[in-house]
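1. Pasting a predicted model and its sequence here:
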There are 2 protein chains.
Amino acid sequence: MTDPPKDPIVCSYLLEIPHVSASDNRSDEQRLKKSLFVTSGLKEIGIPLSLCRELPGLLRRSDYRIRAVVVNVDHRWELVEIDDRYENPSCYSVAVDLGSTVIAFYLVDLSEGRVVDTVSVENPQIAHGEDILTRIQFASTEDGLHLLQGLVIECFNQAIERICKKHSVCVKDVYAISVSGNTTMSHLFLGLDPSALCKEPYVPVVNTPDMISAAELGISIHPRGYVYVIPNMGSYVGGDILGGILVSGMHQTDDISLYVDVGTNAEVVLGNSEWMVACAGAAGPALEGGVLKSGKRAQKGAIEHVDINRKTLELSYRTIENGAPDGICGSGVIRLLAEMFLAGLVDSSGVLVAKKDPLRMIDTRHGKGYIIVPGEQAAHGKDILITEADIKNLMRSKGAMFTILRIVTQSVGITFKEVEHFFVAGTFGSYIEPEKAITIGMLPDIPIDKYKRLGNASGKGAVEVLLSNRARRELSKIRDKITYLEMNVNANFMSQFTSSLFLPHTDLSLFPSVAKKRE
Amino acid sequence: MTDPPKDPIVCSYLLEIPHVSASDNRSDEQRLKKSLFVTSGLKEIGIPLSLCRELPGLLRRSDYRIRAVVVNVDHRWELVEIDDRYENPSCYSVAVDLGSTVIAFYLVDLSEGRVVDTVSVENPQIAHGEDILTRIQFASTEDGLHLLQGLVIECFNQAIERICKKHSVCVKDVYAISVSGNTTMSHLFLGLDPSALCKEPYVPVVNTPDMISAAELGISIHPRGYVYVIPNMGSYVGGDILGGILVSGMHQTDDISLYVDVGTNAEVVLGNSEWMVACAGAAGPALEGGVLKSGKRAQKGAIEHVDINRKTLELSYRTIENGAPDGICGSGVIRLLAEMFLAGLVDSSGVLVAKKDPLRMIDTRHGKGYIIVPGEQAAHGKDILITEADIKNLMRSKGAMFTILRIVTQSVGITFKEVEHFFVAGTFGSYIEPEKAITIGMLPDIPIDKYKRLGNASGKGAVEVLLSNRARRELSKIRDKITYLEMNVNANFMSQFTSSLFLPHTDLSLFPSVAKKRE
């Protein structure tokens, strides 16, 4: 069992308030504050007038034994509920990983300090734009922002109700919500105009939002509950990344770490407890499998694992949940390209070597292609394949990723060798096999054991800030520490990028382990 | 002209926010905060989400030149308004002296640090009870509390609108209100159940209310404005007294001071910068002239000044605003009794000496009486007189006052001689002549120059807390410093009170100056 958290965002206390007497005629409010202080050590607690009004009646009705719930709001504690549930100290909160595609909700029992359950739903804003840019444009149409915000709030309410109901938790016992999302998602959630986020110089409306009344946002938890949105560092380094850094712990050690969230955009943070540099750039949707001819999301039936025998060139694969194959997902495609490269089926410039395995090579409208699964074995009856155009796309994505990593390290004058920890975050990131990503020149050629998968670091960060007020203060410090490096204005970018458009790279000395494998 | 206040509760700043650029892509919110910090030195300012939403549009529309208004709310500054009034830094607040009879409003220009105007209106709650006890009882009837609160809030709204209109100030430019009142009045204003205030052990619901959103209270100033209610020390030592102590400055000096607010109740505070003792007791309405046969409030026509020639016994008087006489007010009656006593018209036990001036002495249904103004000279054609019953009433009131003062000094083991400053507060208190009050044994026989009249100290305290945030912090310290002495349980009270029911006292050594005058 997990230890109860030391300083959660919401605390519930069972209090026996001293009765009034001739020698103690302090006000009800003062006696409540004193009891809270004695029990919890908390000082200077804000008490809303509405609760002051309830206090005298409650004290008499409950024979002075009450439950008090307090929330850590910005710089002080705020009383949000008092009632006669003297036996029941449980209280809940919900952490939200607000992704542009999927929104994940974590029901967190704060008295026990554990995640009770998780539920994921598709972000309903997708109806108004798959990608972020389309949604920003939609937000600038009349009532568009209001509509997008309403969709996500409604989605929150439904998901929170569902997850609470499943565990017989009353939504009114949820007193706080944390939200970790990229800067655009956070802006849309808060109803803030996102239009400047995608125009130079990429200015958010807000970097560090105050905690907000849930009722003001229309979120149906406890009516005096609060919402905490993880701050952002700019348009491209959002709360999801800051939350991930928090989870990685890289801000607490002298070791130099690299943190990468791989997705449509690649967000990279380099640093340690002393300093941090962040940068972001379009890694291209190819890595997530989106734009490839046979690409698909990581769902049932997607090929996630490919092996090619270097001698026989025999190909074996595995699909998610062993479904009939109908496409290949991002992590599968990285492995596929690595295997093809090592087997000599594709050369270092990304050209298919047709003569190597003529049976699997065909001509398509998009140039040459390599068949992974022939149509007769595929769920939809069509060949699952990778074309040269796909490979070009992939190489641009992996090249961008590597270039960003290289420029960010060069910017502070260090080499990859000096990096002690390499954190790979994001749902997609969790499935990447570092060895394969190194083989295609996407990630630097450092010892595999330096790579650490963080899984959904954004969601974990959202949970963390509910379990620990110190974590929220640390987040502010992390934010203040980061220097943002604007990739678009970096003169080196194009030349370095061009060198990265090879498998693994024009400069093979950067990838000694790959060179060795190719021998 | 008054100096502008150093740290008013509301500050308005004209800000030129830096434009965004490639080298400065902090969020609008961060650039606003930075500008505020550079201009004002204020840190950690809370920004409501609603203002964040307005920010990007406003910055562009105003060419980045805006006005920002911040309020000092409890422990931090809160942004309450941003607009394009770049030329106009003026902002206002209203101080309220919330009396049970009269409510006084002070329009305070915070940018200039001065009171613009004052308006006084009758407390509309009087319709549901002249005295406080009746109102507390009415509050416990169904909807009674809500009705009483509604009346006073409506009264606030009308008065604030009126005083603003008169000076062409928009009510939306009023960002804060301070309220100084006794504990019952403050409870009724906040909609807090006052029923425990008049029952042993006299427990308020709240001693130190947080600042409250004006909108939540239904007060029509700026919708994001705040209301500060001066804290209280218990049922009998209210915010009006704490505000008065603040104004007296007695908490800032080593000298020992006595502070007295004379009214239906007498509230007394003794102490200095190190310690304070407070107590309160019923001084009796007689002192305010209310229950006397010819008593009346201090309004036009009330006799406020009486002289009696010791030799000829000729009586001369002056009325308020030189109106035709129709009664005598509190300060007039104190002087009258002192003059009568020195002229030998009343003996030390309060019995009229009829033979001294038989022409002015008559028999009434209420015992013997002394005619101050014969009916033919009075506005209403009836004799204005003082009866023996009136004198008994007066002696009980003055005796109670003196006893409270004596017990409070004895409780800390000091004599009146050690009191360096004697502050007399309250509208009524301002009109008391210390010398006359000493003569009848109401106030201690100390050098006259130690007496200081504070006037409406409660109202001045309410203004002070708007002009100075330090003053509000001092108020908290004053509150924490005070020890309350429960008079009702004091064993000495009755014996001391009995000795005080003489003119000036059974122990003449306590009043050497009076003994000298009588010689």
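-> Great, that's in hand.

2. and the stretch 101-250 of chain A, which of its residues are near chain B?
-> Residues of the stretch 101-250 of chain A lying near chain B by Cβ under 8 Å from any Cβ of the partner chain: A:190-193, A:195-196, A:200-210, A:212, A:216-217, A:232, A:234-235. (Glycine included, C-beta is placed from N, CA and C.)

3. now do 10 Å
-> Neighbours of chain B within the stretch 101-250 of chain A, by Cβ under 10 Å from any Cβ of the partner chain: A:145, A:183, A:187, A:190-197, A:199-213, A:216-217, A:227, A:229, A:231-236.

4. which phi and psi does the closest residue to A:A302 other than its chain neighbours have?
-> Distances taken as Cβ to Cβ, 6 or more residues apart in numbering or on different chains place A:C329 nearest to A:A302, at 3.9 Å, with adjacent residues excluded. Backbone torsions for A:C329, taken as degrees, to the nearest 10, come to phi -100, psi 180.

5. returning to what we had before: just checking, which of the residues of the stretch 101-250 of chain A next to chain B belong to strands?
-> Of the positions in these, A:212-213, A:227, A:229 sit in strands, assigned by DSSP state E.

6. now those in TSV, with distance to B:E418?
-> What follows is those, written out as TSV (distance: Cβ to Cβ, whole Å):
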residue	distance to B:E418
A:I212	56
A:S213	53
A:V227	58
A:V229	60
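
7. So which of the residues you listed wins on neighbours?
-> A:V229 (27 neighbours; other Cβ atoms under 10 Å in any protein chain shown).

8. Helices of the stretch 401-519 of chain A, start to end?
-> Under the criterion DSSP state H, counting those that start in this stretch, the stretch 401-519 of chain A contains helices at A:434-439, A:457-467, A:469-481, A:493-499, A:512-518.

9. and of those, who's closest to A:Q410?
-> Of all the helices of the stretch 401-519 of chain A, it is helix A:493-499 that lies closest to A:Q410, at 8.5 Å by Cβ to Cβ.

10. Need the contact partners of the closest one.
-> The contact list for helix A:493-499 (Cβ atoms under 10 Å, 6 or more residues apart in numbering or on different chains) reads A:281, A:396, A:399-400, A:402-404, A:406-407, A:410, A:441, A:487, A:490, A:505-507, A:510.

11. For it, buried residues please.
-> Residues A:493, A:496-497, A:499 are the ones in helix A:493-499 that count as buried (16 or more other Cβ atoms under 10 Å in any protein chain shown).

12. And for stretch A:479-489?
-> Buried residues in stretch A:479-489, counting neighbours by 16+ other Cβ under 10 Å, are found at A:479, A:481-482, A:484-487.

13. quick one: which of these is nearest B:F105?
-> For those, the minimum distance to B:F105 (Cβ to Cβ) is 45.2 Å, reached by A:R479.

14. Chain B versus that closest one, what's the distance?
-> From A:R479 over to chain B the distance is 10 Å, taken as Cβ to the nearest Cβ, to the nearest Å.

15. which residues of the stretch 1-150 of chain A score low on pLDDT?
-> Counting by pLDDT under 70, the stretch 1-150 of chain A has low-confidence residues at A:1-5.

16. Helices of that one, start to end?
-> Under DSSP H, counting those that start in this stretch, the stretch 1-150 of chain A gives helices at A:28-40, A:49-61, A:132-139, A:144-166.

17. export those to CSV and tack on mean neighbour count?
-> Formatted as CSV, the helices of the stretch 1-150 of chain A follow (neighbours: other Cβ atoms under 10 Å in any protein chain shown):
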stretch, mean neighbour count
helix A:28-40, 19
helix A:49-61, 18
helix A:132-139, 19
helix A:144-166, 18
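
18. Not counting its neighbours along the chain, what's nearest the spatially most central residue of chain A?
-> Most central in chain A under Cα atoms, centre = their mean is A:S458, positioned 2.9 Å from the mean C-alpha point. Distances taken as Cβ to Cβ, 6+ apart place A:D240 nearest to A:S458, at 3.7 Å, with adjacent residues excluded.

19. So that neighbour: helix, strand or coil?
-> State at A:D240, reduced to three classes by DSSP: H, G, I helix; E, B strand; the rest coil: helix.

20. which ones are touching it?
-> A:97-99, A:179-183, A:185-186, A:230, A:232, A:261, A:263, A:267, A:425-426, A:456-459, A:461-462.

21. low-scoring stretches of chain A, by residue?
-> Ranges of chain A meeting pLDDT under 70: A:1-5, A:284-290, A:488-489.

22. Could you list the domains of it?
-> Domains of chain A are assigned by automatic domain parsing as A:10-83, A:92-229, A:240-282+A:394-485, A:286-390.

23. give me the number of residues near the residue nearest to A:L454 when sequence neighbours are not counted?
-> The shortest distance from A:L454 to any non-neighbouring residue, by Cβ to Cβ, 6+ apart, is to A:A425 (4.3 Å). Neighbours of A:A425 under the rule other Cβ under 10 Å: 30.

24. One more: A:L98?
-> A:L98: 28 surrounding residues under other Cβ under 10 Å.

25. correct me, but it touches A:N123?
-> Yes. In this structure, A:L98 is within contact of A:N123 by Cβ atoms under 10 Å, at 7.7 Å.

26. who touches both of those two?
-> A:152, A:155, A:181, A:185, A:188.

27. Bridged to the third one, which residues?
-> Residues found in beta-bridge contact with A:G181 (criterion: DSSP bridges) are A:L98.

28. show me what contacts it?
-> A:96-100, A:103, A:123, A:152, A:187-189, A:229-230, A:232, A:238-240, A:243, A:458, A:462.

29. Quick check: it vs A:V10, distance?
-> To A:V10, A:G181 is 21 Å away according to Cβ to Cβ, to the nearest Å.

30. quick revisit: distance to B:M276 added to the helices of the stretch 1-150 of chain A, as JSON lines?
-> Shown next, in JSON lines, are the helices of the stretch 1-150 of chain A (distance: least, Cβ to Cβ, whole Å):
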{"stretch": "helix A:28-40", "distance to B:M276": "17"}
{"stretch": "helix A:49-61", "distance to B:M276": "26"}
{"stretch": "helix A:132-139", "distance to B:M276": "59"}
{"stretch": "helix A:144-166", "distance to B:M276": "51"}
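
31. who wins for proximity to B:K450 among these?
-> helix A:28-40 (34.6 Å).

32. which strands and helices sit next to that closest one?
-> strand A:10-16, helix A:49-61, strand A:65-73, strand A:76-83 (3 or more Cβ pairs under 10 Å, 6 or more residues apart in numbering or on different chains; DSSP states H and E).

33. how about JSON lines for those, with distance to A:A437 added?
-> Listed next are these as JSON lines, based on distance: least, Cβ to Cβ, whole Å:
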{"stretch": "strand A:10-16", "distance to A:A437": "40"}
{"stretch": "helix A:49-61", "distance to A:A437": "54"}
{"stretch": "strand A:65-73", "distance to A:A437": "40"}
{"stretch": "strand A:76-83", "distance to A:A437": "46"}
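
34. Would you check that A:I126 makes contact with A:F138?
-> No. Using Cβ under 10 Å, A:I126 is not in contact with A:F138, being 11.2 Å away.

35. ok so, going back, and the buried residues of stretch A:479-489, which is closest to chain B?
-> Relative to chain B, the closest of the buried residues of stretch A:479-489 is A:E486; by Cβ to the nearest Cβ it sits at 6.8 Å.
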